[in-house]
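Engineer: what follows is a protein structure lacking sequence information:
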């Protein structure tokens, strides 16, 4: 049920301490979110924004960082849907290092569907709700 | 007691929906964290890393996003210290839009002092502990 | 005649080799370009884009990199206008390290004023031409 | 003879004018450069840096921008080697939009092999020279 996006850590992803800059973990999550739309949804995220003027901004995050990523690492980003509301959805992201399988990062991110012109929340359209519900995790698998 | 860092939203800070990309809020927090060291501490953050081989990586985040930032906005980032542990500290960040004072973002970020060579936590040295304790907020001011 | 913008090298500006990632030098130039508008022009760059739907995209670059910037450095970015055309302008950027004055970078960047809706070049409006002409360097000062 | 790296334009790659931020084109080139090493070379770029303390910093750029990239675009980045010197190499990059084949960007970028500890140029080791020479373009194909 999880969607997986595999991403190379790039030359500019590291910080002055030589490990991946922590805000960059959220960028890895957003890239997986976009890849999820490209793969699972009837419409890509760029089309959702351009053609329907809908966006899915982040409203809340809880996350923990457990092992650093380094330049040369491959990040395996796993996305599951944990909750589908009227206008919102809760996503779970887990990032692992490919080289040893160690879990680097875990986050629960809540997004709200928004009309980009009015900047008001809007109910999830049926086809988007359906895609999200198909990706609902049966349970929050801890490991 | 709060430390404030004022930062221009730059041309590249926005995303495909025309508002500041959410991982960039954590970059604003990190810039404020660096400015706090430059202003309040006996040693800058680059010196801490280069000369003492100590870093202060992020281990946990809780955050909420309440109002978008746009290109042309000035972000007012407020940092307070909420907790000082043996090897760790808890920081509170609040980001406001200068144009209307609206609160855009709030986060509680926990950092652990780490030896960058051994990658093990180390106790806060007295002078760093002292600086952090001076910035402890009397209470978590909600608004 | 030169406009100067002073910018801190931030924790995320470095690359996997521990020096500032080279595309980031162009980001320093763009920040100076925005600061130039904020300081010298009757209209800020965000307003130019939002209110007049005009942008000033880059069409050509020639640049050389002569000394690396590191985390903890302060970049002194100098901007001069070298040429003002009907729809275009040529800017010269020089970036020095504050710590020793060494020249890190030099670029000649050409921008064309563009209507963002039609994506066609448009003539420089008189007030913008006037600002640019006031910043024309008398000569290309080599050093 | 050209090496091609295909890259998605991501949500954060755009600027306040709604098109890809121009420094980001150089990031696309660097990603292609890393992919070239991963694909063609006996050693990856992260390994070259970590294990041999060699880097290949950029010393000169000439580039032109001819058509914007947008969010949702796929960038097709073509890399050819144009010149191999004692310690340096000249690379040609061409970026096209996948949707219409339009050429967005062209650059000639010169890199010098450097010992990261001494920061002095070093001669290309034979196996790296050999890889680069195999990728030498027969001629500079204009189009």
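Structural biologist: Received, thanks. Predicted model, so just to flag it, every value in this text is computed and none were measured.
Engineer: quick one: contacts of the biggest helix by length in chain A?
Structural biologist: The single longest helix within chain A, with elements called by DSSP state H, is helix A:23-40. With contacts defined as CB atoms under 8 Å, 6 or more residues apart in numbering or on different chains, helix A:23-40 is touched by A:3-5, A:7, A:13, A:43-45, A:48, A:56, A:61, A:63, A:65, A:69, A:75, A:77-79, A:91, A:93, A:95, A:104-105, A:107, A:109, A:131, A:134-135, B:21-24, B:26-27, B:30, C:12, D:8, D:10-12. Where you see a C-beta, it was placed from the backbone N, CA and C, and this is true even at glycine.
Engineer: buried ones in that helix?
Structural biologist: Of all the residues in helix A:23-40, those buried under the rule 16 or more other CB atoms under 10 Å in any protein chain shown are A:23-38.
Engineer: got the angle for it vs helix B:23-40?
Structural biologist: If you take axes from the mean of the first three to the mean of the last three CA atoms, to 10 degrees, helix A:23-40 sits at 180 degrees to helix B:23-40.
Engineer: what element comes up after helix A:23-40 heading to the C-terminus?
Structural biologist: Where DSSP states H and E defines the elements, the next helix or strand beyond helix A:23-40 is helix A:45-52.
Engineer: quick revisit: and the contacts of helix A:23-40, which of them are buried?
Structural biologist: Counted by 16+ other CB under 10 Å, the contacts of helix A:23-40 give A:3, A:5, A:7, A:13, A:43-45, A:48, A:56, A:61, A:63, A:65, A:69, A:75, A:77-79, A:91, A:93, A:95, A:104-105, A:107, A:109, A:131, A:135, B:21-24, B:26-27, B:30, C:12, D:8, D:10-12 as buried.
Engineer: can you count the residues close to the closest residue to residue A:127 other than its chain neighbours?
Structural biologist: Spatial nearest neighbour of residue A:127, excluding adjacent residues (CB to CB, 6 or more residues apart in numbering or on different chains): residue A:42 at 5.4 Å. Number of residues near residue A:42 (other CB atoms under 10 Å in any protein chain shown) recorded here: 12.
Engineer: quick check: residue A:42 touching residue A:131?
Structural biologist: Yes - Residue A:42 lies in contact with residue A:131 (CB atoms under 8 Å); the separation is 7.3 Å.
Engineer: what is the burial count for residue A:88?
Structural biologist: By other CB under 10 Å, the residues close to residue A:88 number 17.
Engineer: and the closest residue to it other than its chain neighbours, what are its phi and psi?
Structural biologist: Nearest residue to residue A:88 in three dimensions, chain neighbours excluded: residue A:112, at 4.6 Å (CB to CB, 6+ apart). Backbone geometry at residue A:112, expressed as degrees, to the nearest 10, gives phi -120, psi 130.
Engineer: need the residues of chain A near chain B, please.
Structural biologist: By the rule CB under 8 Å from any CB of the partner chain, the part of chain A lying against chain B is A:16-19, A:21-24, A:26-27, A:30, A:45-46, A:49, A:55, A:57-66, A:68, A:116, A:119.
Engineer: now with 6 Å?
Structural biologist: Taking CB under 6 Å from any CB of the partner chain as the criterion, chain A approaches chain B at residues A:16-17, A:22-23, A:26-27, A:49, A:55, A:58-65, A:116.
Engineer: from these, which ones fall inside helices?
Structural biologist: With helices defined by DSSP H, the entries of those inside them are A:23, A:26, A:27, A:49.
Engineer: ok, of the residues you listed, which one's closest to residue D:84?
Structural biologist: Within those, proximity to residue D:84 (CB to CB) peaks at residue A:27, which comes in at 35.0 Å.
Engineer: just give me how far the lowest-mean-pLDDT helix or strand in chain A sits from the chain centre.
Structural biologist: The weakest-scoring helix or strand in chain A, judged by mean pLDDT, DSSP states H and E, is helix A:126-134 (a mean of 92). With CA atoms, centre = their mean, to the nearest Å as the basis, helix A:126-134 stands 16 Å off its chain's centre.
Engineer: which residues touch it?
Structural biologist: With CB atoms under 6 Å, 6 or more residues apart in numbering or on different chains as the test, helix A:126-134 has contacts from A:40, A:41, A:42, A:81, A:84, A:89.
Engineer: again, only using 8 Å
Structural biologist: By CB under 8 Å, 6+ apart, helix A:126-134 touches A:40, A:41, A:42, A:43, A:81, A:84, A:89, A:113, A:124.
Engineer: one more: stretch A:55-63?
Structural biologist: Here stretch A:55-63 has contacts from A:25-26, A:33, A:45, A:48-49, A:88-89, A:105-114, A:116, B:17, B:19, B:22, B:60-66, B:68, using CB under 8 Å, 6+ apart.
Engineer: isn't residue A:76 right next to residue A:98, touching?
Structural biologist: Yes - using CB under 8 Å, residue A:76 makes contact with residue A:98 at a distance of 5.4 Å.
Engineer: looking at these two, which has the bigger crowd around it?
Structural biologist: residue A:76 (19 against 15).
Engineer: name the element the more buried one belongs to?
Structural biologist: Using DSSP H and E, residue A:76 falls in strand A:74-84.
Engineer: looking at that strand now, give me its mean pLDDT.
Structural biologist: For strand A:74-84, the mean per-residue pLDDT is 97.
Engineer: low-confidence ranges, chain A, go.
Structural biologist: A:138-143 (pLDDT under 70).
Engineer: try 90
Structural biologist: Applying pLDDT under 90 to chain A flags the ranges A:1-2, A:40-43, A:134-143.
Engineer: how about the residues of it by chain C?
Structural biologist: A:11, A:12, A:14, A:15, A:16, A:17, A:18, A:21, A:23, A:24, A:71, A:72.
Engineer: what two of those are the furthest from one another?
Structural biologist: Spanning the widest gap among the residues of chain A next to chain C are A:23 and A:72, at 19.8 Å by CB to CB.
Engineer: related to what we said a few turns ago, mind checking if the strand holding residue A:76 is in reach of chain D?
Structural biologist: No - judged by CB under 8 Å from any CB, strand A:74-84 and chain D are separated, with a smallest distance of 10.6 Å.
Engineer: so how far is that strand from its chain's centroid?
Structural biologist: Distance of strand A:74-84 from the chain centroid (CA atoms, centre = their mean) equals 6 Å.
Engineer: now do that strand: which elements does it pack against?
Structural biologist: For strand A:74-84, the elements it packs on are strand A:3-8, helix A:23-40, strand A:88-97, helix A:126-134, judged by 3 or more CB pairs under 8 Å, 6 or more residues apart in numbering or on different chains; DSSP states H and E.
Engineer: ok, now with 10 Å
Structural biologist: Strand A:74-84 is packed against strand A:3-8, helix A:23-40, strand A:88-97, strand A:103-112, helix A:126-134, with contacts defined by 3 or more CB pairs under 10 Å, 6 or more residues apart in numbering or on different chains; DSSP states H and E.
Engineer: next, the contact list for residue A:20, please.
Structural biologist: If you count contacts by CB atoms under 10 Å, 6 or more residues apart in numbering or on different chains, residue A:20 has them with A:9-10, A:13-14, A:27-28, A:65, A:68-71, A:73, A:75, A:95, A:104-105, C:12.
Engineer: make it 8 Å
Structural biologist: Residue A:20 neighbours (CB under 8 Å, 6+ apart): A:9, A:13, A:14, A:68, A:69, A:70, A:73.
Engineer: tell me which two of these sit farthest apart.
Structural biologist: Checking these with CB to CB, the most distant pair is A:13 and A:68, at 11.3 Å.
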